[in-house]
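Enquirer: show me how the following folds:
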Amino acid sequence: MPDRKGHPSADAAPGAQDAGAAAKSGRRLVAVTIDEASIGRSSADIEHERAVAIYDLIEENTFCPIGIDSGPFTLHISLAEGKLVLDVKHEDGRQVVTHILSLTPFRRIVRDYFMICDSYYEAIRHATPAQIETIDMARRGLHNEGSETLRERLKEKLDFDFDTARRLFTLISVLHWKG
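Expert: Presented below is the predicted three-dimensional model:
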């Protein structure tokens, strides 16, 4: 799941918006939190994925609720009754919107994603570079599929670029995996 910094989840995509312009306009996230009760303890690899995805997400993102002109925003991610809850607020804490999504469309993608991630981490320890690259290509393909599913599900609610979707999908995977 390495990106240009050696971190997961940041493969470039065509059509990604300029993060500098997003920062200047306030169309961005400045804080992301995850409900600890929703995730519990995970493996070291999963904990690392989560921490790096949050760090990368805060560092570079484009994010804005549809119909809201001013930001920046904070995002709290949790699970409630088996559904994904995205609670968006202004930086000063004023409520903007809460979106609740079914996790059903993500179940197969997340299951396959975690299987390939397990293979990827095992390959890093024992496989040839060519084998690692093959597994990594499959992993990135599944991650892209999950990211596009997320963007499609939220296209009329939230505006965010592909790299932001990738990092959010990493966080959703952690929640879904526990759930």
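
Enquirer: and stretch 155-164, how far from the chain's centre?
Expert: Mean C-alpha position of stretch 155-164 versus that of the full chain (Cα atoms, centre = their mean, to the nearest Å) differs by 11 Å.

Enquirer: and the lengthiest helix in the chain, what's buried?
Expert: Scanning the chain for the helix with the most residues, using DSSP state H, yields helix 129-154. By neighbour count on 16 or more other Cβ atoms under 10 Å, the buried set for helix 129-154 is 132, 135-136, 138-140, 142-151, 153-154. Bear in mind the C-beta positions are built from the backbone N, C-alpha and C, glycine included.

Enquirer: after it, next one along is what?
Expert: Following helix 129-154 in sequence order, the next helix or strand is strand 158-160 (DSSP states H and E).

Enquirer: roughly how far apart are Ile124 and Glu148?
Expert: 26 Å (Cβ to Cβ, to the nearest Å).

Enquirer: quick one, helices of this protein?
Expert: Under DSSP H, the chain gives helices at 19-25, 36-39, 44-59, 107-126, 129-154, 162-178.

Enquirer: now the longest one: average pLDDT?
Expert: Across helix 129-154, pLDDT averages out at 95.

Enquirer: pLDDT below threshold where in this protein?
Expert: 1-25, 40-42, 45, 176-179 (pLDDT under 70).

Enquirer: centroid-wise, who is the farthest residue in this structure?
Expert: Distance from the C-alpha centroid of the chain peaks at Thr128, with 28.7 Å (Cα atoms, centre = their mean).

Enquirer: what distance do you get for it to Arg140?
Expert: Counting by Cβ to Cβ, the gap from Thr128 to Arg140 is 18 Å.
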